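S.K.: sequence and computational prediction follow.
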Amino acid sequence: DAGVIQSPRHEVTEMGQEVTLRCKPISGHNSLFWYRQTMMRGLELLIYFNNNVPIDDSGMPEDRFSAKMPNASFSTLKIQPSEPRDSAVYFCASSPGQPTNYGYTFGSGTRLTVV
Amino acid sequence: QQQVKQSPQSLIVQKGGISIINCAYENTAFDYFPWYQQFPGKGPALLIAIRPDVSEKKEGRFTISFNKSAKQFSLHIMDSQPGDSATYFCAASKASGTYKYIFGTGTRLKVLA
């Protein structure tokens, strides 16, 4: 099992550019989560998908952020236009069911730097 | 009410010593308390978790102590090793009906050889 796979590992972009982060969850996991980690705010849940359907996007900071899960094996998080305050590590995590029964499996993250 | 307060922010322990990290919560509806371990460049990984029907859970050198009346729980790492050097996050959640964790702010542990 390759675990949760995220790409790219690092992204440096200029303010105003579009950024797309990608995630491949563990096969058979029907729950997918996007988290953002910063020193100031710690780990924040951005959006949660269950069976490819967005269930809760209340953590998405603003309309510049969007997420999709077109199938069970792929999800994207898009920021358009990007701003310096979006600089953070973005984690994708998946779970085979209720995280309180199984826990999350996190990917290694994408470190985003917006200059 | 949704916060989980974690302390200390950083901790330095000698090899073989005991590392103790504390967390406090306010929402009495929380009934699932996991700890995650994160190494540099990696995502957090589930280390150990407890539900409030027990006051302590031990897995190897890692123990969670839980005090329901004080709304506090702590992670004890016995015989700390340099390989334990990582950032540790506590979290709280409802065991059913939700998928959300509320994470603490993290504790950076360094174990000196």
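M.R.: Nice, thanks for sending it over. Residues are numbered from 1 along each chain as shown, chains lettered A, B, ... in the order given.

S.K.: measure A:Leu46 to B:Gln38 for me?
M.R.: 18 Å (Cβ to Cβ, to the nearest Å). Where C-beta positions appear, they are placed from N, C-alpha and C, glycine not excepted.

S.K.: residues contacting A:Thr38?
M.R.: A:Thr38 makes contact with A:Glu44, A:Ala88, A:Val89 under the criterion Cβ atoms under 8 Å, 6 or more residues apart in numbering or on different chains.

S.K.: make a ChimeraX selection of the buried ones in those residues.
M.R.: A single ChimeraX command selects the buried members of the contacts of A:Thr38 (16 or more other Cβ atoms under 10 Å in any protein chain shown):
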select /A:88,89
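
S.K.: so A:Arg85, which state does it fall into?
M.R.: Following DSSP: H, G, I helix; E, B strand; the rest coil, the label given to A:Arg85 is helix.

S.K.: so where do the strands sit in chain A?
M.R.: A:5-7, A:10-13, A:19-24, A:31-38, A:42-50, A:53-56, A:65-71, A:74-79, A:88-95, A:105-106, A:110-114 (DSSP state E).

S.K.: buried residues, the third one. List them.
M.R.: For strand A:19-24, burial by neighbour count (16+ other Cβ under 10 Å) applies to A:Val19, A:Leu21, A:Arg22, A:Cys23, A:Lys24.

S.K.: ok, now the fourth one?
M.R.: Neighbour counts over strand A:31-38 (16+ other Cβ under 10 Å) mark A:Ser31, A:Leu32, A:Phe33, A:Trp34, A:Tyr35, A:Arg36, A:Gln37 as buried.

S.K.: got it, and stretch B:18-37?
M.R.: Under 16+ other Cβ under 10 Å, the buried positions of stretch B:18-37 are B:19-25, B:30-37.

S.K.: what pLDDT is listed against whatever residue of chain A ends up closest to chain B?
M.R.: Closest residue of chain A to chain B, Cβ to the nearest Cβ: A:Phe106 (2.8 Å). Note for A:Phe106: predicted pLDDT of 95.

S.K.: that one reaches A:Cys92, doesn't it?
M.R.: Yes - taking contacts as Cβ atoms under 8 Å, A:Phe106 lies within contact range of A:Cys92: 7.4 Å.

S.K.: more neighbours, those two?
M.R.: Higher neighbour count among A:Phe106 and A:Cys92: A:Cys92, with 30 against 24, using other Cβ atoms under 10 Å in any protein chain shown.

S.K.: show the contacting residues for B:Met78.
M.R.: By Cβ under 8 Å, 6+ apart, B:Met78 lies in contact with B:Ile18, B:Arg61, B:Phe62, B:Thr63.
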